[in-house]
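S.K.: Fold the following and give me the result.
(chains A and B)
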Amino acid sequence: MHEVLVDVEAVTRTYGTVQVLAPTSLRLHAGQGSAVVGPNGAGKSTLLRLVAGTEEPTSGTATVLGLDAPEARRRHRDRIVRLLGPAPTYPDLTVAEHLQLVQVAWAGRHDGPDVDEALAEATLDRVRDQFPGELSSGETQMFALVATLYRPADLVLLDEPEQRLDTCWREVARRLVLRALDQGRAVLAATHDPGLREVLADRGPVVELAEPTR
Amino acid sequence: MSGDGDAADTAGLAMPYGPWRRWVRALRAHHRRRRADDDGDRTYLAYGFTLLALMYGPILWTTLAQAGVPLGEGAGWSVRGTLVVAGTVVVAAAGLGGVVLARLGAPLWVTRTDAAYVLSGVWDPRAVLWRRVLVLVAVAGVLAALVGSALAFGALDAAGTPAGAGTLTAWGACAAGVAMLPLTLAVAAQCPRWRTTARVAAALIAAVGVLVAVQGADFPVGTAVLGADVLCVDPSGCAPLPVRDGVAPAGPPAAVVGWAAGLAVVCGWLLLAVLPRDLDADVTAEAWSRTVATGEALGAGDATGVRAVAGPARLTGRRRTFPRILLPSVPLVARDVLALSRRPAVLLGSLPAGVAGAALLALAAGGGPGAAPAAVGGGVVLYAAAAAWTGGLRDLAEQAEPGGLLPGGPSRAVRGHLPVPVALGAVSGALGLLVAAVLAGVDGSSVVLVGTGLVVALGARVWVAGATQAPPEVFTPVAGPTGDLSTVMVIAWFLRAWLVVIGSAWVVARLGLTWVPLVVVVVVALAAAGARRLDRG
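M.R.: Next comes the predicted model:
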């Protein structure tokens, strides 16, 4: 059996008197994918933040790579990559230069395609020489996803990677996630995209969160 | 017939005439009430403003008068020359500031609605903007008169020639007239057609200001004009100042009065009749809107927008690539070098500034009464120049997850971004020492002071990069003798690095080099705290 990367047991999160995440459990092994689905406000992003270690649960435990999630975030940065907001980019580097920087910085550990191939695969080769501030919102999101998946990591956390993407690019996004799974990474993604949910459901558990009480 | 016609008209109205009249009456009454409310608000605003002006105006005037005392001490009968020199320097600085101010959509502000109406041809810009110009002229004139009269009072009193109300009014009026020059430059910089002229004029006036400041009150032509009211071009010196009945003249020299009056007339004509017509309403409205939004965010504790307002990035050299020698071994250094090569103007501007700052620090090591101001000035200039060198660090800090794409986490990324600013700082420091050596000679203490200045400037940059949002604690009300001091706390938080730089330079210059280790330890600890904060993000 593969190593357990994520082990979440009955975690909840409450802000004030509002419980934003009902008790939820999840176990994810290396090479597995898991889709977190549910209506808006069900707690998908909250669950991802708990696993990322940027928030602490109100009750329950979130263990990542054998450590409490916040501790894992500090000690295993190199093994976890997350796209929970805007991608960490430099405004004065072009799209291609970002990938080149990632490739060089992770030299020896980077086993992905070269920069041009990665951009072509994501159909971003047209904007390879543009700065991040010059991209459209869809291109920005696709670039963020490509850069995130281009970085070596054992565990990938994605919060609605399909947002602002059209039908074509959603298909590209699914292909990129599938490739990451094929490389042996574990992918935990919150999504509203049925196609991505299907891709991930083939590789692991689906976490269905209940509609919040309004 | 007519009755039939009336009946037909009434039937065709969507609302019968009687109810419609009642509705119009009600609407008018409603607007009258609204206007009355507005008038009440305006009256209350005017009352509050007058009260504040009466309360704090005299305090401000007295403070400015105290600032004018050093101008009169030791100046003797050339106090008028000293005052005009100080005025020239202030006007030169205000002119440069005004040209920069245009980037913020100020001083002549335009809202988005104004811009829409102006661009669609509904309003003539002059018809709308002349009232605002009048407000600006009035505010600038009053402020300048306040500053001019107070400085004159302090300087003349210290020189032993106390000024009467008439003399102070004359100095204030001259200051008000001369103040129209920087205001005109600022508004001209908002007009595409006049922008270059305004920048060149501001640069020329700044050069004159520097020349006058360096030559001081002994500037031969200046002294003659100011002191004797007669032009003297003899470089070896001028005739003694005229003394009537043993009393030195205290009022502004005739030449200055003439210049002030001339400037007021010409600038007033430009401001009211020429410049509003050429204002770029769209760009000004956009910049003003951004400035207002950034100001509101600052008030709420978020400083992230300041950079975009202060200096929007203009990237060039899209085709440049990473330096191949650096990329494999030190990728972040390669990134910083590439980024700097895409902002050549910023780099070329920052290096002379860094050299000047380092030279000032080196000169301050010589001691003397001007050592502390020189050290503070040098430290501040060096810190400002370091902003251009630490772009990579700042970009890293502004990322949602700093260094998320790179191995090793934010601390390692911070270290990776340090070599370039350290190298540029070292080059500037060495050149600054060279300049100081040529001007006055340097010794070991100069090297120590410049090195400390570099450590403080770069350490403070790392420290402030750690947080762009004020912590909630600084908004907590703090009781002080003049009321709640939380606003002061918030402002101090935003200026924290400048305060540290100024404080460090002052401490080392006034108390001696034995304080250098303490200053370095404090700044390094602050920088480490900033890096740790990024790590926790």
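S.K.: Can you classify B:Cys267 by secondary structure?
M.R.: Following DSSP: H, G, I helix; E, B strand; the rest coil, B:Cys267 is assigned to helix.
S.K.: swap in B:Val110?
M.R.: coil.
S.K.: Can you get me a residue count around it?
M.R.: 27 (other Cβ atoms under 10 Å in any protein chain shown). From N, CA and C alone the C-beta is placed, and that goes for glycine too.
S.K.: any idea how far B:Leu119 is from it?
M.R.: B:Val110 is 10 Å from B:Leu119, where distance means Cβ to Cβ, to the nearest Å.
S.K.: try B:Ser78
M.R.: Taking Cβ to Cβ, one finds B:Ser78 at 54 Å from B:Leu119.
S.K.: which one of the two has more residues nearby?
M.R.: B:Ser78 (21 against 13).
S.K.: Quick check: that one vs chain A, distance?
M.R.: 52 Å (Cβ to the nearest Cβ, to the nearest Å).
S.K.: residues contacting residue 137?
M.R.: Looking at chain A here, since you left the chain open. Taking Cβ atoms under 8 Å, 6 or more residues apart in numbering or on different chains, we find A:Ser137 in contact with A:Arg164.
S.K.: look at chain B instead
M.R.: B:Met180, B:Leu183, B:Gly268, B:Leu271.
S.K.: Now for the residues you listed: which two are most distant?
M.R.: B:Leu183 and B:Gly268 (9.8 Å; Cβ to Cβ).
S.K.: Could you check which of these two is surrounded by more residues?
M.R.: Counted by other Cβ under 10 Å, B:Leu183 and B:Gly268 do not tie: B:Leu183 has more neighbours, with 26 against 17.
S.K.: which SS class is that one?
M.R.: Strictly by three-state DSSP, B:Leu183 counts as helix.
S.K.: Over to B:Leu315?
M.R.: coil.
S.K.: so how far is B:Leu393 from it?
M.R.: The gap separating B:Leu315 from B:Leu393 is 18 Å, by Cβ to Cβ.
S.K.: Which residue of these two possesses the greater neighbour count?
M.R.: B:Leu393 (28 against 15).
S.K.: shouldn't B:Gly72 be in contact with B:Val79?
M.R.: Yes. Counting by Cβ atoms under 8 Å, B:Val79 is a contact partner of B:Gly72 at 5.0 Å.
S.K.: Those two: who's more crowded?
M.R.: Using other Cβ under 10 Å, the more surrounded residue of B:Gly72 and B:Val79 is B:Val79, with 29 against 22.
S.K.: how many neighbours does the nearest residue to that one once chain neighbours are set aside have?
M.R.: With sequence-adjacent residues excluded and distances taken as Cβ to Cβ, 6 or more residues apart in numbering or on different chains, B:Val79 is closest to B:Ala159, at 4.0 Å. Neighbour count of B:Ala159, defined by other Cβ under 10 Å: 24.
S.K.: SS state for whichever residue of the stretch 1-150 of chain B sits closest to chain A?
M.R.: Nearest residue of the stretch 1-150 of chain B to chain A, counting by Cβ to the nearest Cβ: B:Arg103, 18.4 Å away. Following three-state DSSP, the label given to B:Arg103 is helix.
S.K.: before we move on, what about A:Thr54?
M.R.: Assigned with three-state DSSP, A:Thr54 falls in the coil class.
S.K.: ok, now how distant is it from chain B?
M.R.: In terms of Cβ to the nearest Cβ, A:Thr54 sits 9 Å off from chain B.
S.K.: ok, for that residue, nearest residue in space, not its chain neighbours?
M.R.: Spatially, and ignoring its direct neighbours in sequence, A:Thr54 is nearest to A:Arg73 (7.1 Å; Cβ to Cβ, 6+ apart).
S.K.: show me the contacts for the nearest residue to A:Arg175 once chain neighbours are set aside.
M.R.: Closest residue to A:Arg175 apart from its sequence neighbours, by Cβ to Cβ, 6+ apart: A:Glu121 at 7.6 Å. By Cβ under 8 Å, 6+ apart, the contact set of A:Glu121 is A:Pro113, A:Val172, A:Arg175, A:Leu176.
S.K.: Let me see the ranges of the strands in chain A.
M.R.: A:4-15, A:18-29, A:33-37, A:59-64, A:67-68, A:80-83, A:155-159, A:186-190, A:206-208 (DSSP state E).
S.K.: Using a markdown table, lay out the ones you listed together with mean pLDDT and distance to B:Leu136.
M.R.: Below are those laid out as a markdown table (pLDDT from 0 to 100; distance: least, Cβ to Cβ, whole Å):
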| stretch | mean pLDDT | distance to B:Leu136 |
| --- | --- | --- |
| strand A:4-15 | 93 | 48 |
| strand A:18-29 | 93 | 50 |
| strand A:33-37 | 96 | 57 |
| strand A:59-64 | 96 | 59 |
| strand A:67-68 | 94 | 60 |
| strand A:80-83 | 95 | 49 |
| strand A:155-159 | 96 | 49 |
| strand A:186-190 | 96 | 53 |
| strand A:206-208 | 94 | 61 |
